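A.B. asks: Generate a structure from the sequence data that follows.
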Amino acid sequence: MQLQIKNITKSYGKNCALSDFTATLEPGIYALLGPNGSGKSTLMNILTDNLPADSGEILFADGNSSGEPRDVKKMGVEFREKLGFMPQYPGLYPNFTVERFMWYMATLKCIGKNDAKRQIDEILASVELDDARRKKIGALSGGMKQRLALAQAVLGEPSILILDEPTAGLDPKQRIAIRNYIAKIALSKIVLIATHVVSDIEFIARDIIMLKKGVIVDNAPPHELTKKIEGKVWITPCAESEVVAMQEHHRVTNISRDDEAGGVDLRIIADGAPTPNSRNAAPTLEDYYLYVFGDEAAQNQ
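C.D. replies: Numbering: from 1, shown residues only. Below you'll find the predicted structure:
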């Protein structure tokens, strides 16, 4: 199974949201990383046929057939039936109960009654909504609505799962649970996740596609990206009174208190040691994200 995205370009007036986007996706998790306005949601809406591209093509090759990759526009409904989509701002029906909404989505997806019951029970348990199945959607918290949006995307066992900010509004425990659930179901699916929360995908994505103003600036597995800044991440001890001055002169990505020394430790990205007492640290994907996007990324945190 393979999804080929070739030279997709999309503009809104004079603003180019995507420029010549090209990628080949196979079963596994792919992460779209970038600040707000980088083109992540535009790409996802094009892939799900909610938005037309100005140019380019999308081809799909089903592992069950021996034919050449086919244009998804010509496949039409046949391709859309293979998709599960969780938009960033899902439209949910406030007067529906959780269970009724899932049955409604199962009907739209033409899932048989017995299969629908099995899937709904399994999915609601997996996203921790089993106890809320009789609650009206309008009475759910933001995090519960987010999990319901994921549940409807997974319903129907789609081959391609497209998730736009799937963990937005979730508490740390729920984020881990959803992340583990996505990793579990991704073994036989193509999963594309758009996010600017690096920790959500650092250890589950096979490839990271980094977007900046609609252009791919990097595309590689996480460990290859972090290698690019080896020797450029530093832990620098300093007094609290020095923090502001250090932030003005260096790219500080994190501040932690050092109670034993009575000061703070700054995590800094720099080509050379910021101070004589700085020591190297192992780079993380978040370090590389901030290295690439800088102040633009900080504004989205």
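
A.B. asks: Any regions of the stretch 201-301 of the chain where pLDDT drops low?
C.D. replies: Scanning the stretch 201-301 of the chain for pLDDT under 70 picks out 295-301.

A.B. asks: mind listing the strands for it?
C.D. replies: Taking DSSP state E, counting those that start in this stretch, the strands of the stretch 201-301 of the chain run over residues 207-212, 215-220, 233-238, 251-258, 263-269, 279-280.

A.B. asks: Reformat these as JSON lines; add distance to residue 5 and mean neighbour count.
C.D. replies: Where you see a C-beta, it was placed from the backbone N, CA and C, and this is true even at glycine. Formatted as JSON lines, the strands of the stretch 201-301 of the chain follow (distance: least, Cβ to Cβ, whole Å; neighbours: other Cβ atoms under 10 Å):
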{"stretch": "strand 207-212", "distance to residue 5": "10", "mean neighbour count": "21"}
{"stretch": "strand 215-220", "distance to residue 5": "10", "mean neighbour count": "15"}
{"stretch": "strand 233-238", "distance to residue 5": "32", "mean neighbour count": "20"}
{"stretch": "strand 251-258", "distance to residue 5": "31", "mean neighbour count": "14"}
{"stretch": "strand 263-269", "distance to residue 5": "31", "mean neighbour count": "20"}
{"stretch": "strand 279-280", "distance to residue 5": "38", "mean neighbour count": "11"}
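
A.B. asks: Format those strands as CSV; extra columns: distance to residue 191.
C.D. replies: Below are the strands of the stretch 201-301 of the chain laid out as CSV (distance: least, Cβ to Cβ, whole Å):
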stretch, distance to residue 191
strand 207-212, 11
strand 215-220, 16
strand 233-238, 29
strand 251-258, 28
strand 263-269, 30
strand 279-280, 34
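
A.B. asks: So which of the ones you listed is nearest residue 159?
C.D. replies: strand 207-212 (18.0 Å; Cβ to Cβ).

A.B. asks: what about the helices in the protein?
C.D. replies: 40-47, 72-75, 77-80, 98-108, 113-126, 142-154, 172-185, 222-227, 243-249, 285-293, 295-298 (DSSP state H).

A.B. asks: and residue 139, which of the strands of the stretch 201-301 of the chain is closest to it?
C.D. replies: strand 207-212 (36.3 Å).

A.B. asks: Contacts for the closest one, please.
C.D. replies: 23, 28, 30-35, 38-40, 43, 201, 216-222, 225, 285, 289, 292-293, 296 (Cβ atoms under 8 Å, 6 or more residues apart in numbering).

A.B. asks: Could you do stretch 230-248 as well?
C.D. replies: Stretch 230-248 has contacts (Cβ under 8 Å, 6+ apart) with 250, 252, 255, 258, 261, 263-271, 273-275, 277-284, 287, 291.
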